[in-house]
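*Asks:* next input, structure requested:
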Amino acid sequence: MTSVAAQHDTTGDASPAAAGGGRERVEFRVSPERYRHWRVSCDGPVATLTMDVDEQGGLVPGYELKLNSYDLGVDIELYDAVQRLRFEHPEVRTVVITSAKPKIFCAGANIRMLAASAHGWKVNFCKFTNETRNGIEDATANSGQTYLAAVNGTASGGGYELALACAHIMLVDDRSSAVSLPELPLLGVLPGTGGLTRVVDKRHVRRDLADYFSTRPEGIGGKKAVQWRLVDEVVPRPRWEETVTERAADLAGRSSRPGAAAGVSLSPLGKTRDDEAITYSKVTARLSRDAGSVDITVRGPQSAPPADMAEAASQGAGFWPLAVTRELDDLILDLRTNEPELGTWVFRTEGEAAQVLAYDDLLLANADDWFANEVLHYLKRTLRRLDVTSRSLLAVIEPGSCFAGSLLELALAADRSFQLAGVFEDTDPDAEPAAITLGNINFGPLTMSNGLTRLQTRFWGDEASLEAASKRQGTPLEAEDAADLGLITFAPDDIDWDEEIRIAIEERASFSPDALTGLEANYRFAGPETLETKIFGRLSAWQNWIFNRPNASGPDGALRRFGTGQRALFDRKRV
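*Replies:* Numbering: from 1, shown residues only. Model (predicted):
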């Protein structure tokens, strides 16, 4: 996560985003023709992502992105490139990540940027970067696009963490290139994008060797890097290009990804944004600054699904499951980055439950189709992004809602859910009562970071309740039945409805945001730990804490003094 070449900056806050109010906002929508830091090329089954960071292209003024060091803007482009390769290039089976800089792969996150950034900015930056790395691993595991890191120079901190996200790591053997995680000895922090976890859990580096490696600023290179499992192979520079080409072709030959399919273009995402609302075609968010909340409405499909996936692909980015997922993804990132003081998100839905289930069934019935597979995994990743977001999540289920199947996952992800018992007698007594509907999709592909579905997580250790819920698939469940099955939290009637929702939002706003973040992060992931839950758990707890300590971020801390020639002054007490 670090750049050993960058200098520190004590002249203000480098983070551009804050709680609305007219300040500059971060925009996550980008396209290849506007990339400043990455080049993408495709040659049949092999794509190459070349990192060539523009030193003057920082997201905000105040630092130079030297030696392929990166900030959030660099990673936004990488995330976009990874998404486009999955959807727009079904012919691509191997993705090579390499550098255009001589003898440097990537120096990691820019230290001047980190030193000048507010604490919350640093944590959110690391979180997004983690999610992008997880997306790379997901492409390898589930899309037949294997990522190969062609480390053609030194990779330190976040640069090595980028390589760790790839399935195969090649390191040039030139007696100077090395891989390292120097955060602890140089900056007084930890690798923030899963470095320690991936070293021991993914690459199976011995604990004692990992300990030595992570305290050695200069890192490890050559044959020792292979012996310690830090990389998969080292290649002499004269044979570098030839060997990378051979390895990429070999990995591509193992993939079942269709070579002849036409890609689906991720056309520009329509969006309007001001201080009061964020509006897309299928998702709307109303921002309530006084209450510290956001009211999010997701609209179900307005028409029946296409007859098959060929017709779905012809709809392109307008295919409802893809369109609504893209909008949710962008909204989560926008709110999480630009609106940190809006701590409670209230989810509502509108539409026909049967239509949502019909689209879900189309995807599930064609799970072997590359496009259906990509949409399902994109929805899975977006819901996981919601799971790890440090906001209180409420679901409000009313008449006219379509919390069914894939959209029911929003309610299952919520910290609390409220379903109206009956109808609003004074306004629409003839309406269909509020209902939720379980579908096949709730029992399968949309797993959380713990590897379990949200239903399995909800009923962890209670197989009888999970079985009882599974028997009610496809049946609209009104509030009493949903409550009996444990699928919702509360079922107020119309007399108490508005008051219950108001109290829940006001109560949340009265609590410590820090304590709520810890509370939510602790109970959202019941069950087994995985690579992802370990990474996010440590980011939310230990890394968050370490980043905020004087030994790292204080005026005499390592992060502040890095590059000044002065040694950090540490408080030596262990706590």
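
*Asks:* was I right about residue 46 contacting residue 92?
*Replies:* Yes. With contacts counted by C-beta atoms under 8 Å, residue 46 reaches residue 92, the gap being 7.0 Å. The way it works is simple: take the backbone N, C-alpha and C, and place the C-beta from them, glycine included.

*Asks:* who has more neighbours, the two?
*Replies:* Set residue 46 next to residue 92 and count neighbours by other C-beta atoms under 10 Å: residue 92 wins out with 26 against 20.

*Asks:* need the distance between the two termini of stretch 89-98.
*Replies:* 19 Å (C-alpha to C-alpha, to the nearest Å).

*Asks:* how far does it sit from its chain's centre?
*Replies:* From the chain centre to the centre of stretch 89-98 is a distance of 20 Å (C-alpha atoms, centre = their mean, to the nearest Å).

*Asks:* what of stretch 260-275?
*Replies:* How far stretch 260-275 lies from its chain's middle: 18 Å, per C-alpha atoms, centre = their mean.

*Asks:* which parts of it are buried?
*Replies:* When burial is assessed from 16 or more other C-beta atoms under 10 Å, stretch 260-275 yields the following buried residues: 263-264, 266, 269, 271.

*Asks:* of all the residues you listed, which comes closest to residue 38?
*Replies:* Using C-beta to C-beta, residue 266 comes nearest to residue 38 of the buried residues of stretch 260-275, at 15.6 Å.

*Asks:* at which residues are the helices of the stretch 451-575 of the chain located?
*Replies:* Assigned by DSSP state H, counting those that start in this stretch, the helices in the stretch 451-575 of the chain fall at 454-458, 463-470, 479-484, 497-510, 513-523, 531-538, 544-547, 550-553, 558-561.

*Asks:* go through the ones you listed and find the least confident stretch.
*Replies:* With a mean of 77, helix 544-547 has the lowest mean pLDDT of those.

*Asks:* what angle separates the longest helix that the chain contains from helix 513-523?
*Replies:* For the chain, the helix that runs over the most residues, judged by DSSP state H, is helix 119-142. Helix 119-142 and helix 513-523 are oriented at 20 degrees to each other (axes from the mean of the first three to the mean of the last three C-alpha atoms, to 10 degrees).

*Asks:* circling back to that earlier point, of the helices of the stretch 451-575 of the chain, flag the one that's most buried.
*Replies:* Neighbour counts (mean count of other C-beta atoms under 10 Å) averaged over each of those peak at helix 558-561, with a mean of 22.

*Asks:* any idea how far residue 336 is from the residue positioned nearest the centre of the chain?
*Replies:* Computing the C-alpha centroid of the chain and ranking residues by C-alpha atoms, centre = their mean puts residue 131 first, at 3.1 Å. Residue 131 sits 10 Å away from residue 336, going by C-beta to C-beta, to the nearest Å.

*Asks:* still on that earlier bit, looking at the helices of the stretch 451-575 of the chain, which is nearest to residue 289?
*Replies:* Residue 289 sits nearest to helix 497-510 of all the helices of the stretch 451-575 of the chain, at 11.0 Å, using C-beta to C-beta.

*Asks:* state the helix or strand in which the nearest residue to residue 328 once chain neighbours are set aside lies.
*Replies:* Excluding its sequence neighbours, the residue lying closest to residue 328 (C-beta to C-beta, 6 or more residues apart in numbering) is residue 382, at 5.5 Å. Per DSSP states H and E: residue 382 is located in helix 370-387.

*Asks:* so what does the helix or strand following that helix touch, helix or strand wise?
*Replies:* Downstream of helix 370-387, the next assigned helix or strand under DSSP H and E is strand 392-397. Here strand 392-397 touches strand 344-350, helix 405-413, strand 416-419, helix 497-510, going by 3 or more C-beta pairs under 8 Å, 6 or more residues apart in numbering; DSSP states H and E.

*Asks:* coming back round to it: taking the buried residues of stretch 260-275 one by one, which sit in helices?
*Replies:* Using DSSP H, none of those sit in helices.

*Asks:* take those and write them to JSON lines, including distance to residue 326 and pLDDT.
*Replies:* As requested, the buried residues of stretch 260-275 are exported to JSON lines (distance: C-beta to C-beta, whole Å; pLDDT from 0 to 100):
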{"residue": "263", "distance to residue 326": "15", "pLDDT": "96"}
{"residue": "264", "distance to residue 326": "11", "pLDDT": "98"}
{"residue": "266", "distance to residue 326": "7", "pLDDT": "98"}
{"residue": "269", "distance to residue 326": "6", "pLDDT": "96"}
{"residue": "271", "distance to residue 326": "10", "pLDDT": "97"}
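
*Asks:* which single one of the residues you listed is nearest to residue 310?
*Replies:* residue 264 (11.5 Å).

*Asks:* surely the closest one touches residue 86?
*Replies:* No. Assessed by C-beta under 8 Å, residue 264 is found out of contact with residue 86, at 9.6 Å.

*Asks:* stretch 279-288 spans what distance, first to last residue?
*Replies:* With C-alpha to C-alpha as the measure, stretch 279-288 spans 15 Å from end to end.

*Asks:* go on, stretch 518-534?
*Replies:* Stretch 518-534 has its terminal residues 15 Å apart, counting by C-alpha to C-alpha.

*Asks:* now swap in stretch 551-571 and tell me
*Replies:* 7 Å.

*Asks:* and the residue lying farthest from the centre of the chain, what does it touch?
*Replies:* The outermost residue of the chain relative to its centre, with distances by C-alpha atoms, centre = their mean, is residue 426 at 42.7 Å. For residue 426, the contacting residues are residue 494, by C-beta atoms under 8 Å, 6 or more residues apart in numbering.

*Asks:* please identify the helix or strand for it.
*Replies:* Mapping residue 426 onto the secondary structure by DSSP H and E places it in no helix or strand at all.

*Asks:* what ranges in this protein fall below the confidence cut-off?
*Replies:* 1-23, 539-541 (pLDDT under 70).

*Asks:* let's see it at 50
*Replies:* For the chain, the stretches flagged by pLDDT under 50 are 1-12, 18-22.

*Asks:* returning to what we had before: of all the helices and strands packed on strand 392-397, which one comes closest to residue 374?
*Replies:* When the helices and strands packed on strand 392-397 are compared by C-beta to C-beta, helix 405-413 sits nearest residue 374, at 14.7 Å.

*Asks:* residues near the closest residue to residue 272 other than its chain neighbours, how many?
*Replies:* Leaving out its chain neighbours, the residue that sits closest to residue 272 by C-beta to C-beta, 6+ apart is residue 279, at 4.7 Å. Residues near residue 279, counting by other C-beta under 10 Å, number 16.

*Asks:* give me every residue that touches residue 279.
*Replies:* Counting by C-beta under 8 Å, 6+ apart, residue 279 makes contact with 271-273, 285.

*Asks:* alright, that wraps it up for me.
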